[in-house]
Each structure stands twice: as structure tokens, then as C-alpha cells.
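1. Give me coordinates for this.
(6 chains)
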6 protein chains.
Amino acid sequence: MFHHVKELQFNARVSKPDPKFARLLLEQFGGGNGELKAAMQYFVQAFSARQPYPKLYDMLMDIAAEEFSHLEIVGATITMLLGPINGELKQAFEDSGLKEMVTGGSASRDALVHQALNPQFFVLSGGGPTATDSNGNPWSGSFVNANGDPTVDLRSNIAAESRAKIVYEYLLQFTDDELVQESLRFLMTREISHFQMFAAHLEQIQPNFPPGILQGDARFTHTYFNMSNGASARGPWNQGQGPWAKGEWTYVEDPISAVRESNGLTNFQQTAPMSNQEMDAVGKKLGKQRYQEISKAVPKSTNQWSAYPQTSLESPRKAG
Amino acid sequence: MFHHVKELQFNARVSKPDPKFARLLLEQFGGGNGELKAAMQYFVQAFSARQPYPKLYDMLMDIAAEEFSHLEIVGATITMLLGPINGELKQAFEDSGLKEMVTGGSASRDALVHQALNPQFFVLSGGGPTATDSNGNPWSGSFVNANGDPTVDLRSNIAAESRAKIVYEYLLQFTDDELVQESLRFLMTREISHFQMFAAHLEQIQPNFPPGILQGDARFTHTYFNMSNGASARGPWNQGQGPWAKGEWTYVEDPISAVRESNGLTNFQQTAPMSNQEMDAVGKKLGKQRYQEISKAVPKSTNQWSAYPQTSLESPRKAG
Amino acid sequence: MFHHVKELQFNARVSKPDPKFARLLLEQFGGGNGELKAAMQYFVQAFSARQPYPKLYDMLMDIAAEEFSHLEIVGATITMLLGPINGELKQAFEDSGLKEMVTGGSASRDALVHQALNPQFFVLSGGGPTATDSNGNPWSGSFVNANGDPTVDLRSNIAAESRAKIVYEYLLQFTDDELVQESLRFLMTREISHFQMFAAHLEQIQPNFPPGILQGDARFTHTYFNMSNGASARGPWNQGQGPWAKGEWTYVEDPISAVRESNGLTNFQQTAPMSNQEMDAVGKKLGKQRYQEISKAVPKSTNQWSAYPQTSLESPRKAG
Amino acid sequence: MFHHVKELQFNARVSKPDPKFARLLLEQFGGGNGELKAAMQYFVQAFSARQPYPKLYDMLMDIAAEEFSHLEIVGATITMLLGPINGELKQAFEDSGLKEMVTGGSASRDALVHQALNPQFFVLSGGGPTATDSNGNPWSGSFVNANGDPTVDLRSNIAAESRAKIVYEYLLQFTDDELVQESLRFLMTREISHFQMFAAHLEQIQPNFPPGILQGDARFTHTYFNMSNGASARGPWNQGQGPWAKGEWTYVEDPISAVRESNGLTNFQQTAPMSNQEMDAVGKKLGKQRYQEISKAVPKSTNQWSAYPQTSLESPRKAG
Amino acid sequence: MFHHVKELQFNARVSKPDPKFARLLLEQFGGGNGELKAAMQYFVQAFSARQPYPKLYDMLMDIAAEEFSHLEIVGATITMLLGPINGELKQAFEDSGLKEMVTGGSASRDALVHQALNPQFFVLSGGGPTATDSNGNPWSGSFVNANGDPTVDLRSNIAAESRAKIVYEYLLQFTDDELVQESLRFLMTREISHFQMFAAHLEQIQPNFPPGILQGDARFTHTYFNMSNGASARGPWNQGQGPWAKGEWTYVEDPISAVRESNGLTNFQQTAPMSNQEMDAVGKKLGKQRYQEISKAVPKSTNQWSAYPQTSLESPRKAG
Amino acid sequence: MFHHVKELQFNARVSKPDPKFARLLLEQFGGGNGELKAAMQYFVQAFSARQPYPKLYDMLMDIAAEEFSHLEIVGATITMLLGPINGELKQAFEDSGLKEMVTGGSASRDALVHQALNPQFFVLSGGGPTATDSNGNPWSGSFVNANGDPTVDLRSNIAAESRAKIVYEYLLQFTDDELVQESLRFLMTREISHFQMFAAHLEQIQPNFPPGILQGDARFTHTYFNMSNGASARGPWNQGQGPWAKGEWTYVEDPISAVRESNGLTNFQQTAPMSNQEMDAVGKKLGKQRYQEISKAVPKSTNQWSAYPQTSLESPRKAG
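-> Presented below is the predicted three-dimensional model:
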């Protein structure tokens, strides 16, 4: 259940209306890397985690609730930046200045808003935020990455926080308003701290690489195919020791020949640090372990989500 | 700020997994008339209302928070209906029954899930909900109707609740699980009660018709154009007293001739209960009143959303 | 069958080109509350109504045809506002002024169009309208609300007309062109009159509340959950007599405790004006009545839509 | 203005309900190659044509009106194929058979509808069509191709008709119902005839190749780059006389070397049948001609779309 | 397999940054008629062609690879036009000029970029291209037309090339930069040459009309329905000899009467140059021929796509 | 420039057609985590990297080219799995079995394909792949994450590879065909190896945390807000040493009180390992460094992308 607290988590303020920056800020309201995306991503991920991984669930829901609270801060800031538009639109019989602002007459235009470029603030939302990005594209459920595996989902979240952070970093450069900057800096900082929470939780899950449970085909895990011509860059991503316990990168200089000669890689030979049998054994063991963790926590028959009151982390599981 | 309470608002339970019904129920999770749409619509509308109409704001946020809580109930129910899928997917080296379920072999298929039709529960979400409707279309920000005018927004909400209600009514016919039915009935009922809240609030705003402040052109408000041939239906929507204080419907039997003869309706003559001058006067007065309500509550310079603590309904407005 | 009449329903004219306003006006061409949405919504709803409710069908199709006619007026106005662009684009070897208009050179730019902000008028549509909103988002079938129940669909339509009305009200403030204003005022007025037609038709269907046929759970229909902290607004939407025949609002001051103590509301006690048994009886009776209305009009075997000529309101139903 | 005629253009009938085929047929209702796409494409194209090319306008609007009429036939057929669903949904307290149909119980399911796969017919539309394709994707304004040039638009239309034709050809193989087949065959045939109308009109515009007015760079118009390895196919598309008055294909066997040696093709040498100067002269002359055709018909100041009555093909152009 | 060659196919250069034109050029990067659409369309079509029509496959893949190469040229040009933005965004603690550019201060703004209108270049992509059109709408898979029939797909391609050509023609008018113009002219010219390749290949397939194999209903193939009132245009698209071997257009002056009198066209009588029996015979023969071509090349059991090395045009078909 | 090599990178084969699995596999063709998304993401990111970071560019383009090659493998496999559909569709006059397959007749249905659930394989694509996910949603440009900063983009890529890997892991459980499994295992393995390449490259960039250049507000970087009630999970993500050099987590047990008492966190006090001044100094230094790296490589005037031939990693930058 969600409870709404009337105080914003951070004391959002603006020094003056600025509809142009309001448009940019929409990127964090309804954009692909914005607060609604973050809130919904962690919220949707939390469902799969609720019963097998209640600690992860608790963290995901704490952060989801915070992201909804950030969405509220962003929306409040946009609304304050759009300030007088809603009221001015009621001045239908007066020369409110709004018309001049958009039609481009040079006289008497309202200096506050005359450069706002998002027409929907004027003719659709009536001066409030829209559930879109800065170009007016509606928020999409396809922004939500939730794949039912913590070693995947936590990585999706680390990346999502990285993107949200850089968008705040960029946004900070487009407003002079110190009150707005203060809110943006708070929001940006929280993306950094969430990043750290997700990273710490991922680190606790062992093994967490590769994501999921299946290991790769040993012949191809350490191979770099040089798919382009000319001068080629070499570095730790394709030569020497890779980011793993044992084994070095194999660099295939000429993939076209390699593919032709190996019957489409089916006969590709390569010394690998482990055999496919060994890798399968790792996957098999890990799959069994994860299966047990999940299946013992998720009933196959009657099921109940919450206890009343909910005094432990665990879901009751049995419908009472 | 949003606070998450671990107990679901309603005690969601399932008697057994049922992935097929889980797919149908997605319509209320990420569909155009579902809980996320409702929650986001009232939440987005609330921003414009915060300062000028704090009572409306309070109601919108109460209902938005409840809708997010319903979204959680729907997601929890879907997850329980998908029950074992997430765990079974870890059985990658065993014959888990999942494969048969989808590829259609008749032997050994898992009876629980064999008719689930949404492939993304299996190969994308790993047994959790997706932010989509029952056909897999992602939720869209374009579902949110928020136009910055309470007489419009409240009507959008009444219609939204009507649609959400009928979808629950339809859904109830596709599950036998009495525990699930109980949750759906609760959710359906709340749509009815929200409908009433919005209707009561709208009734309190006077005048609330027409939506907004501008009155129509008196020559066309009471006119019905019969845009089709043959036998025509007559009733209170096109004859006799219409749903207004004074005046009767004018029925234009042959709009093509009427349009031709009136120079594209510019010379259209009709006795109307009020003149355009009178109607303009109504709009002018109302516009002035609404402008004053809003502009006195929305500062044109520095602005602040919340007080700490927030002890009254009103926003502080002045950045402290 | 649709027949096209070359005369526009209203005599659309412009005093001069104005590509900037043309962009705003796109909101009513391909936007979520625009004419295409309205036309398609009533047209799609009409299919379910055709056989069981031919009077409703006739009204829906009259208004749908009028909305397509309004879409034509809006498109014609946009085209006239974009005036010379299409021709200028043929001046590829001359200094047509178009380039300056977009690249921002201050000399020799064409004053008519230099502030038009929609790039697709120049490089995609070649100076005609696009099937998008004012921000270039394409029209979407998800704008259409049609749920197969008149008590729902008519409310969706009342809300749709309210939104379309307010968008015209807003648009009217962004053009000085009196000829354009005249067309917009006509279009806005028709939204008001359609609102009234839908309201009158809905009023005729009794009972029309709650939408659909199922009644709610009597324990929850009159209950308001105060889902937020601090000062709370009270009014007819959560106290005293609600908008119904008998019974008062129950106000749950502290929903978290209420949920905990009632086992997730399953034991929630409340005096209700009717028992669930009485409410079910209402629903059952209404369901039977509606089932009979529909099933006697919709054949389960061979079916035919139109008679030739169609001399009555009713569909022939039997394939001849 | 559009006028609705109650008789369908073709006498659509069904022998019995078939919800499964109804789902397939949605492809022609709200799909990317369906009737709504065709209707809207020609309708949107017609705006640019109205004043400079009234004959083209007349043809586009005749065909658009016919496509809207076909959309109505498709929607009527879908509705009849979904037959009893809408009525059965009112049987909420009875064992209507609908539940079994979807939840998969083997007993007592309604044979009529038990294989319908589109959940939205049941829980969203209540047994009517949706503005989507056969997979439930909403119709999109991006399906509409309208570029303000008849030599482009008519080719877009020829291709659109080709796609619509093949989709009907495919659909015809998935129904046994001879009445439905009869309607589909009519609709498919009309796509063929519209194809011919567009082709004949395009033929009349001379020159119509290349589309638009600019001619290409003479060094590259006749050149085929062999962008792939191995055995290569040769034919009239890359050798010998191409589909033009004079000149043969140049086949670049090894584009990588050719690009390297010609400084990224900037020094590419090739004997071409015409020089760039000659080609520019063609474009210049054509641009002037088209500019004159359009600009003399499209006023740069006051403008009016229709006359009342409209007795000639031409738009009045001057606001009266 | 795709191999990347570091040299661009054409030597893309810019004289100076121009973010405003970069926005326009996005139309050809991620727009509905842009290079990604073309590349993906031919690539997706090629799959169906691979085994039955290896020559067509070779041509489609050559052109698809060229279109991907053009996409790279467009993206490189956009990046160069956005020049300094990415670097400036790192100047977070300095007064980089970017802020002024967007917030509209008139002093000290960076003249290079001050009119760039796409906010996402600044706050989302950090100065790189986005996979969107010029209005920020994301590229959509629905842009791809691939229907599994060469007589349809090649026509879709001819139309696609026509649209891409006109968009380049329009774009050329909005930049003064001769280096950019040179690249655009190359790209525009290649659309013309691809048009010719597709046309030549289509010409080789006989018969290629109507698209697909089914012939129409002889009563309706030559018929023009005059679906609008008033003055009507006549021409080769609705009178006299049509674009076929034998037969003339039938012009139905009054379709409403014709439909009523022919029982919804089921009794429509018309002299046609061929009977439906003759037309069916044509379709039957053609269907058999095409079925044989395809089915002999596409195995119904084990299948393999490539040989290693692939020395002939044909796919091996048998898994080795 | 892209060059197409007719041999697939991996020897894709199928044992028999399986249209049902073909539908699932679409998730990796046009889905949000599929091969097209990966290819386009790295390709779009590469543009910003080309001039300042040519080694990163080389790696991104090698992997992008490989992902396009994988897209081809997936498309080839889908096409082979759909095997006879395209040919059967030509049997329009025969009883091809296709009809029975979809309409559900129990007799004579084609066992190969009778459970294929994607209607668009039959009535739209004619038996080829579609640019959609497994539910028919079109691929969207919004899937592409490219933010112009390597420390962000590489993390987006690590997450993207994680998701692609788990989707292949899930898919492997839904086919018995060992030849298909072999291809899927190859593709899954390559996601693992790409993950490692991106991780190794990211590791090489120092510092790479936080993403971008701005450091957070020191008061909030180490703070965990417990946004939910009841039993709370503690772990390395909210207690003790966090994943950083120095400093411990601060756990805010009651965020509502903390927010109220700190004036919306503006007065929030917390001992942090570094002061905001120190953190700003870090950001300032890093910003200067990155600005110099980029601005010295990206010309502000004339610019050229490739040399001919391109013999070094660096772009020529000066238009020759």
C-alpha cells in the first residue's frame, strides 16, 4: 500500500517561472531515463522478488518509493516553472500575452514565457506537466526492464541510474536558478547513492557472473572477432588477460576466413580454460540451487502476499 | 513523498496458479484503462491543482495513492497466478515441463501453465508482470488525460473510472478462483466509489458546464445535424427540451442543403435562448473569477511547494 | 457507406498563412483529444450498438460523420495556414527564403513562415498536415475508447468532448486571425452540443449507474480512504450524503490501521444502505434484461448488416 | 463534409460467428496496410492537392471515401464474427460459457468462440472491434505517407494498394465462410482497381521520374555497388540497358577499393548519358513549372477552401 | 555476416557545426522514410527471398548493405554538425555558453548552436544522434514493409525510394553548406538508382500484376465509384481505356443508388473483358507455378542457410 | 561502410519447421533486448566516440557489426522455422491446410504449424520475420541508450548484454531442436563475451565512478532512506562499509520525520568522508580533463569523418 506524505522529500523551490527549462526537465518526468521509469522499473522487478528474495524486495520497494517521491519533486518543479500559464489561460477575453508569446508578435509579449517551445504546455496540459519526454513522446512501458533474475535486474538498475545521473548532470547546465539547481543536485546525488545500493546488493549474490545460471560455450567466451578492416585498437578488452580468473583473449584477426574454415564456427577450435563439461556442471549446480531457493518460497497452490500485520520480511505464502 | 506500507490494501490471494488468467489481468496492470493509468492520471492532474485548489489536490492525491495501491494488488495477483514459472526457468538442465507447455507437445506438459498465451511471461519477464496490456502493448503516457481545468479533468476521471469498472466486470467472468474474484470485486467496487467522489466534487464547482470558461456560439449549441440518410432516430438527444435550463433542440434534417444555403453556416439563422453577447458576458465573468482564484494562489516569482511540516492544506508559495 | 460532399460543413477561411499556429492546430488534427480521435471513437463504438441499439447507432454515426467533417475543416485550415510552403519547395534552384527561415539567417527570411517550429512541415509533409499532434507524435488507435457498453461509452464520449472543448478554448487564445477564430468557435461549440447529446442519451438509459451491470461490494462503495497525512480536505466527496439515494460517506481516517485490523479489509465492517444480497439482486435483474435486449437482436448464426434499401432503423440480421 | 449512408457499400454477411477469424481480420481494420490506413493516407494527401491539383483532389477524395466505406465493411464483418460475445458478457451471474472458453476448462465451453485468441475482445472491447492490428498494436499515424508531391504520393498509394491486396489474398485462405469470402473478394478487387486508378493518374503527369523535381548526380544514377561477397547475381537491375532512355548500368565489382581510390567517391569517374549541367537544367525547368502551377493556385494572403455551393472543381481561394 | 569498413562510402564533410540542420537531418536517420527504414526493409524482405529467389536476395542484400552505409553517412554528418556540444557539456563548472543557448539569454550565447531546437541533443544524447525522426519520435519497426511476395515488396521499395528521394530534395533547400549538400546529393541520387534497380527487377517477374496471385472479381476491377458530389474530374483513371490490355472504365455516377439497387453490389452487372472463370484460371495457374518455385527451394524438414564457403547463389538447404 | 558476407557468422540450421518457437524467437529479432537493439545501440553510441575516443569507436563498431550478424542468424532461423508457410500461401485454390491451422478445425490441419500463435506470420509477413517482439510490438528507437559519455554508455551495454543473455537462457528451454539450440548457445555465449569486453573497457577508464564528471552532494551520497514500514532488511547496501573507499552508510530509519525536521533535507546534517568543496574539486578537474580530450579531437569548424584509405585509428578531422 502506498501512503502519500504531503511534504516533498526535498524542498523544491523556484526563483521564477521558466517554461523553457520546464520543457527540458520533462526529460526526467516522462523520459526514458526519468524518474517514472526508475520508479516503475524497481516496482515491477519487486514482484518477482517478493517471495523468494524478501531482502531484495525490501530494498527495491524502498528505492521505488523514493523514485516516486522524486517524480513528485520533478513534477512540482515543472509546475512552478510553468507558473502563470494556467491562470493566464483563463483570461480568454483579455490580451493575456500568451497569444503573442506563441504567434511571435514582437510587441507586448510576456517575457517570462515567450521562448517556451513545447506547444502542449499551452494547448493541451494548460500549464501542467505531461507524461512525456522533452520532445513530447509519451512515456512507454517498454522503458521498464524486469527479467525475473536479480543478477540481470540489478545490472539493469545500475545502468538506469547511470543514465539518470548523466541527464541530471546535463540539465544542471541549462538553468541559472540556484533553487532549481539545488533540487537537481539532490536528485542527481540520489542516483549515485542508488547506484551504490544496487552494486552492493549485486556483489552479495555469488556467483553473479554470467548473469542467470547458464555458462557459455567455452570456445566462444574469450574470443574477440575483429569485424572491421584497417587499423585496429587493442587493449584489455581484446588482448591479454580478460576480466576473469583464468584465460586470455583470443583475437580473431580475420573472422571471414575463420568462419569459412570452421564450417560456420561449428568446428572452431580454441583452448579454453574450462571445458564445456565443466561449465555445464557449474550451471547445473547453480540452477539447482536457485531453483530450490525460489521453489521453496513460491507455493504452487494457494498463495497470499501479505500478512496483517506484516511483522516479518517474509510473505505468508499460505492463504489464511 | 510516498511511503510504502508492506501490507497490501486488500488481502490478495490465489487458490492456484493460472497463467492464462494472469494474461487477461495484465489489462488492468499496464492497459489503457488499468490501475497505472488511473494512478498516473490523478497524480499528473494534481500538480496543476496543488496551489489554486488544495482541496481538490488532497482528493486527487488520496485517490492516486489508492490507485498505486491497487496497481500493487493487481501485480501481486498476476505474480501469484504465474507462480512456478520463475523457479522452473532455473531448471535449465532438467525437463521442466515449460518447454512442452509452449511447444505444444501433448505429453508431460505442466497442466498448471500449459495454456498461458503470453510468450513474454516465459522468455522476457521470467514469470513476472510486464508493464503492458493483455496483448503485450506497453503502457503509454498518452493514456493520461490532464488538461489543467477541474471541470474537464473530473469528467475525464469519471469516464476513466467507468471504463476501469467495466473491465473488472468483464474480467470477473473469466476466473473461477473465488479468492481472485474477491480481490477483483474489491477493486471494481472502488472504481464505483471513486466515480462518486469525482462526481460529487464536480457538482460542487458551479458553474461546471460547459467545461472551461468559454460559452459556445448560441446558433450552434442546440443544433443537431442529421448527417446520415434514411430512417432516423429521434429522442431527447435531438428533439424537444435538451438537458439545459431553457431552449429546445433544432433538428437539421438535411445538413447538406443547410450548409450550402447558409454560406457554410456563416449565415445560419436560429432562434437561441441566449444571444452571443449574453453568452460572452457569462464567459467573461467566469474567466475573470477563475483567473483571480488561480493567479492569487500561484506566485509569478519565487515559489515553494511544501512547508515543513505541512500543517495546512495550502502550499507555502513563498520560498523560505 | 460514406459520401463526400465537396463543401466543408463550415466555411473555413484564413486571412494569411501562419505556420506557427498551424503547428498548434495539429493538436486537433492528430492529437489525443482531436477530431480524428472523436470521429474514430464514435465510429468504433457504433459497431457494437448497430444491432441491439439502433437508435444509439444512428446518433453515434451522425456525430462520427460530423467529426470526420470537422477533421476536414481542421486539415483545410492547417493547409491554408501553411500556404506557400508547398510551392516554395519547388524553387529548389532559387533562393526561396525557406532555407533562411529554418537555418536562422536574419536576412531575407520569409516573414510569413520564419517562426514555424515543426520541421516536418518542411522536410516530410512538404507543407501539408501530418497525422500527428502538435509535438509530432503520431495519432494512436489507443486514443479510441470503446467498451461495448453504452453506459460506459457515453461517459467516455462526454469526457472526450470536454477535453476537445478545452483544447479549442486554449487554441482560440493563440491566433488573432478572425476568420480562423470563427472556425474554431464553431468547432468548439459543436463539442458542447455533442456533450449534450451524449448526456441526454445516457440519461435515457435507466439505470445507468454504476456503469455496466454489476453492483459493487456494499462495504466499500461509500468508503473514502484518507491515503495521505496532515491536513485533510472534507467535502461532499467524502463526508455527509454522497451523490446517491441513501447512505452517507464513511471516512477512514487511518487506512493503514484499518487494513491491518481487518485482515486486509476482508473483515471490514460497515453499515451499508443495502446488503450485498440486495445489490446482487439488482445486478442479476439488470444483467438478464440487458442480455435479452442484446441477444434477441444479435443472431448467433447467419447475419447481415444492411438491407437494400435500408428503410428502417433496424439491421436485417438475417442474411438474405 | 462527410455524409453517412446506412447501407454498406457491399452487402457484408456472415454464416456464423468466428472470433478467431475476427482476430485475423483486425489486420485490415487497424493494421498498417488496412482500410483505415488507406482512407487516412488519401485523405491527408488530398489537402495539399486541393488547390493546385483539383482533379487529383477529386480522385483522392473519391477513393478515400470508398476506403472509409470499406473500413465500415470490415468493422461490420468483425462485429458479426464476434456475434454473441457482447450479449454473453451481460450474463455475469450465469455460467455463460465465456469463462470456460478462456480459462481452458474442457467441459461446457462454447464451441463458437473457444479458440479466439485476442483477449481484448473479451475484457476490453466487450465484443467489438478495436483500432488495432491482429496482434493488438494500435493503429498509428505514422502509417500515413503524404509528402506533398503527386509523383511521390501516387507511388506510395500504388504500393499501399499492393500490400492491402496481398493481405486480403492471405486472409481469404483462412475462412471457409462463403459469405465472408465474398466480401473479402470484393474488397481485394477494389484494391486492384484503385491501384490502376493511381497508376493511370501518375502516368498522366509527365515527367514523373525521378519523383519530385531534382535530377540526380549523373555519376551515380546508373551505378550498382556490389556490396556483398561471393557469387553475384546479374540481371537487368545491374547490367546492360537499365529502365531508362539511354545509358547502361555500371557495375562496381569491388566497392571498397572504388571508394578508397576515389577519395570517398568524390573523384568517381563515370561516363554518363547526360552531364550534371544537363540534368540540372531539366530540374530547373521542371521546378519552375511546378512552382508556377502551385503558386498561382495557392494564395499567399486570404484563402477560402469551399464555395457554397461548390459548382466547379476549383477551390474559390479568395475568402468572400 | 556484416563486415565494417572504416571508410564511409561517401566522403562526408561539414564546413561548420549547425545543430539546427542536424535536427532536420534526423528525419533521414530515424524517420519513417530514412536510411534505417530502407536498410531494415530490404534486409527483412531478404529472408523470405533467400531460398526461393537467390538473385532477388543478392540484390536486396546489396542494397540493404548500402543503406546501412548511408545510415552511417547520415549519422556521421549529424555528429559533425553537432560538433562541440559533447565537449562543452563537460565544462560543467564553466560558463560554457550552452545554458544561454537554451534558456534564451541574449548575451554571450554561442552563435554556433543557439537555434538548435531539439532538446534531446543537449540533455539526452549529449551531442550525438538519436534513433528518432526530426520531431523526436523513435524509429518504429512498423515502418518496415515486408509481405513475402516479390511483386508486392518491390513496389513497396519503389515507393520507399520515392519518399526518401523527396525528403532529400526538401532537405537540400535548408543548408548552405556545400560539403553537406554534396553528401545529400549523393544520397539522393542513390535513391533514384535503387528505384531503378527495383523497377527493373519487378519488370523481370511476369506476370507481376495484380500483385500476388489472385485475380480480382471481374465485375469490379474496371469500375470507378464517384463517391463525392458536385463537379467531378474525368481522366484516364476513370474513363476510357484504363492501364490494361483490354476493357474500359465503368464510371458509376451515383454509387448510392447503384448499391441500393444491386442488393449491396451482389447483383451488380457489368460487362467485363474476362469472366471470373477465366480470371480464376489465371490465378490458379500462377499459384501453382509460384508454389512450385518456392516449395522446391524451401525444405519442409532439416534446413541450412549458408554453405562454408558459399560459392554459389543458392542456399545449401540441407543441414550438413 | 558495411560489406555483406553471404556466409552467416554461425552455421544456423533447423531440424524441422516450428512456427511456435519462431514466435518466441522474435523476441531476439525485434524485441527490446534483442539483436537489433544491441546492434543499433552500439552503432549509435559509436558516432560520439569516433573522434575523441577512436579505440572505443573501433570496439563499438566491431561489436555492432557482430550484432548485425547475429540479427541475421536470428532472422535466418525464424525463416527456416516458418518453413513452408510462404509456399503454402500460394496454394490459394487448394486446400493448403493453412486455413485449418488457424480456424481450428480438427481435421486435416497441418501438424507442422497448427499451434503457431502469431497471426502476422500468416496474414501480414507471408511467412517471414517481422520487425517486432514476440507479442507483435514493433521495435522502437527508444530501446537505444546512447548518452554521449563512455562511463554511462558502457554500463548501458553491460546491462543490455545481461538482458540479452537471460532471454537466450530462457529461450533455450523452449526448443528441443538440437540444431537450433546450438545456434542459441553460440548467440548466448557471445553476449557473455561482449559483457566482458565492455567491462574491461570501462575498467580502463579511470575514474569511472560516478558516471559522468559531476560528484554528488556529500550529504546524500551515503544515505539510505527507509521508505517503507515494518521489518526492514539490512545488508551491505544500507549498513556498514559501502562499495567505496571510505565512509559508511547512514541509515535514515524514519525519513518522514527526517524530512520534516530538516526543512525538506535542506538542513540535513551528516558527517561525510569528503566535503562538497572537495567533491567539486574532483569534478572540476575531471571535467577539464574530459573537455580537453574531446575538444582537441573534435574540430569546431570544417570536419571530415574518414580518410581514403583510412590507415590509422584517428579520423582526419580536417576536410581535405
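2. which residue ranges form the strands in chain A?
-> A:2-4, A:13-14, A:223-225, A:250-252, A:303-304 (DSSP state E).
3. Packing partners of the second one?
-> If I follow you right, that is strand A:13-14. Other helices and strands packing on strand A:13-14, by 3 or more Cβ pairs under 8 Å, 6 or more residues apart in numbering or on different chains; DSSP states H and E, are helix A:54-82, helix A:178-204, strand B:303-304. (C-beta placed from N, C-alpha, C; glycine too.)
4. which stretch among the ones you listed comes nearest D:Ala146?
-> Closest of the helices and strands packed on strand A:13-14 to D:Ala146 is helix A:54-82, at 33.6 Å (criterion: Cβ to Cβ).
5. Return the set of buried residues in that closest one.
-> A:54-82 (16 or more other Cβ atoms under 10 Å in any protein chain shown).
6. can you check stretch A:297-316 too?
-> Under 16+ other Cβ under 10 Å, the buried positions of stretch A:297-316 are A:297-299, A:302-310, A:313, A:315-316.
7. residue ranges of the helices in the stretch 101-250 of chain A, please?
-> Listed in chain order, the helices of the stretch 101-250 of chain A (DSSP state H, counting those that start in this stretch) span A:120-123, A:150-171, A:178-204.
8. got JSON lines for these, with mean neighbour count, distance to B:Gln239 and mean pLDDT too?
-> Converted to JSON lines, those look like this (neighbours: other Cβ atoms under 10 Å in any protein chain shown; distance: least, Cβ to Cβ, whole Å; pLDDT from 0 to 100):
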{"stretch": "helix A:120-123", "mean neighbour count": "26", "distance to B:Gln239": "35", "mean pLDDT": "89"}
{"stretch": "helix A:150-171", "mean neighbour count": "27", "distance to B:Gln239": "58", "mean pLDDT": "97"}
{"stretch": "helix A:178-204", "mean neighbour count": "22", "distance to B:Gln239": "57", "mean pLDDT": "97"}
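9. tell me the most buried of the strands of chain A?
-> Mean neighbour count (mean count of other Cβ atoms under 10 Å in any protein chain shown) peaks for strand A:13-14 among those, with a mean of 27.
10. separation between A:Phe47 and chain C?
-> Per Cβ to the nearest Cβ, to the nearest Å, A:Phe47 is found 17 Å from chain C.
11. what residues are up against that residue?
-> Neighbour list for A:Phe47: B:75-76, B:78-79, B:128-129 [criterion: Cβ atoms under 8 Å, 6 or more residues apart in numbering or on different chains].
12. Closest residue of the stretch 51-200 of chain A to chain E?
-> A:Asn135 (2.8 Å; Cβ to the nearest Cβ).
13. re earlier: now the helices and strands packed on strand A:13-14 as TSV including distance to E:Asn263?
-> Output for the helices and strands packed on strand A:13-14, formatted as TSV (distance: least, Cβ to Cβ, whole Å):
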stretch	distance to E:Asn263
helix A:54-82	59
helix A:178-204	68
strand B:303-304	69
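14. Nearest to E:Ser142, out of these?
-> Across the helices and strands packed on strand A:13-14, E:Ser142 has its closest neighbour in helix A:54-82 (29.6 Å, Cβ to Cβ).
15. Now the residue nearest to A:Met197 when sequence neighbours are not counted: phi and psi?
-> Leaving aside its chain neighbours, A:Met197 sits nearest to F:Trp237 (4.2 Å; criterion: Cβ to Cβ, 6 or more residues apart in numbering or on different chains). Dihedral pair for F:Trp237: phi -90, psi -10, per degrees, to the nearest 10.
16. Tell me if I'm right that F:Trp237 and A:Asp62 touch.
-> No - contact criterion Cβ atoms under 8 Å: F:Trp237 and A:Asp62 do not qualify, at 9.7 Å.
17. Write out the residues of the stretch 151-300 of chain A neighbouring chain D.
-> Contact residues (Cβ under 8 Å from any Cβ of the partner chain) of the stretch 151-300 of chain A with chain D: A:229, A:256.
18. circling back: I'd guessed the residue of the stretch 51-200 of chain A closest to chain E sits against E:Val123; true?
-> No - A:Asn135 lies out of contact with E:Val123 (Cβ under 8 Å); the separation is 10.4 Å.
19. what's around A:Tyr291, how many residues?
-> When neighbours are counted by other Cβ atoms under 10 Å in any protein chain shown, A:Tyr291 registers 21.
20. ok, and the closest non-adjacent residue to it?
-> Per Cβ to Cβ, 6+ apart, closest to A:Tyr291 is B:Lys90, 4.1 Å.
21. Starting from A:Ser257, give me the distance back to the nearest residue to A:Arg260 once chain neighbours are set aside.
-> Spatially, and ignoring its direct neighbours in sequence, A:Arg260 is nearest to E:Pro309 (4.6 Å; Cβ to Cβ, 6+ apart). Note on E:Pro309: its distance to A:Ser257, by Cβ to Cβ, to the nearest Å, is 9 Å.
22. now do A:Gln45
-> 44 Å.
23. now whichever residue of the stretch 1-150 of chain A sits closest to chain C, nearest residue through space, not along the chain?
-> Across the stretch 1-150 of chain A, the shortest distance to chain C (Cβ to the nearest Cβ) belongs to A:Gly136, at 2.8 Å. Spatial nearest neighbour of A:Gly136, chain neighbours left out: C:Asn135 (2.8 Å); criterion: Cβ to Cβ, 6+ apart.
24. so what's the spatially closest residue to A:His201 that is not a sequence neighbour up against?
-> Spatial nearest neighbour of A:His201, chain neighbours left out: F:Trp237 (4.6 Å); criterion: Cβ to Cβ, 6+ apart. Residues near F:Trp237 by Cβ under 8 Å, 6+ apart: A:59, A:196-198, A:200-201, A:204, F:224, F:249.
25. Look up phi and psi at the residue in the stretch 151-300 of chain A positioned nearest to chain F.
-> Using Cβ to the nearest Cβ, the closest approach of the stretch 151-300 of chain A to chain F is made by A:Gly264 at 2.6 Å. Note on A:Gly264: backbone dihedrals following degrees, to the nearest 10 are phi 70, psi 40.
26. Number of residues surrounding A:Pro17?
-> For A:Pro17, using other Cβ under 10 Å, the count is 26.
27. Next, work out how far apart the nearest residue to it once chain neighbours are set aside and B:Ser48 are.
-> Spatial nearest neighbour of A:Pro17, chain neighbours left out: A:Gly83 (3.3 Å); criterion: Cβ to Cβ, 6+ apart. Using Cβ to Cβ, A:Gly83 is found at 11 Å from B:Ser48.
28. With A:Pro52 instead?
-> Relative to B:Ser48, A:Pro52 is positioned 42 Å away (Cβ to Cβ).
29. Does A:Asn193 touch F:Tyr224 like I think?
-> I think there's a mix-up here, since residue A:193 is Ser and not Asn. Yes - with contacts counted by Cβ under 8 Å, A:Ser193 reaches F:Tyr224, the gap being 7.5 Å.
30. any idea how far the residue nearest to A:Met197 is from F:Ala199?
-> Counting by Cβ to Cβ, the gap from F:Trp237 to F:Ala199 is 21 Å.
31. Could you do A:Glu261 as well?
-> To F:Ala199, A:Glu261 is 30 Å away according to Cβ to Cβ.
32. One more: A:Lys288?
-> Taking Cβ to Cβ, one finds A:Lys288 at 27 Å from F:Ala199.
33. before we move on, what about A:Gly235?
-> 12 Å.
34. And A:Ser295, by the same measure?
-> Here the criterion is Cβ to Cβ. By it, A:Ser295 lies 32 Å from F:Ala199.
35. Of the contacts of A:Phe47, which pair is most distant in space?
-> B:Ala76 and B:Gly128 (10.8 Å).
36. Which residues are in contact with the closest residue to A:Glu72 other than its chain neighbours?
-> Of all residues not flanking A:Glu72 in the chain, A:Leu8 sits nearest, at 6.2 Å (Cβ to Cβ, 6+ apart). Residues near A:Leu8 by Cβ under 8 Å, 6+ apart: A:69, A:72-73, A:76, B:1, B:305-306, F:259, F:264.
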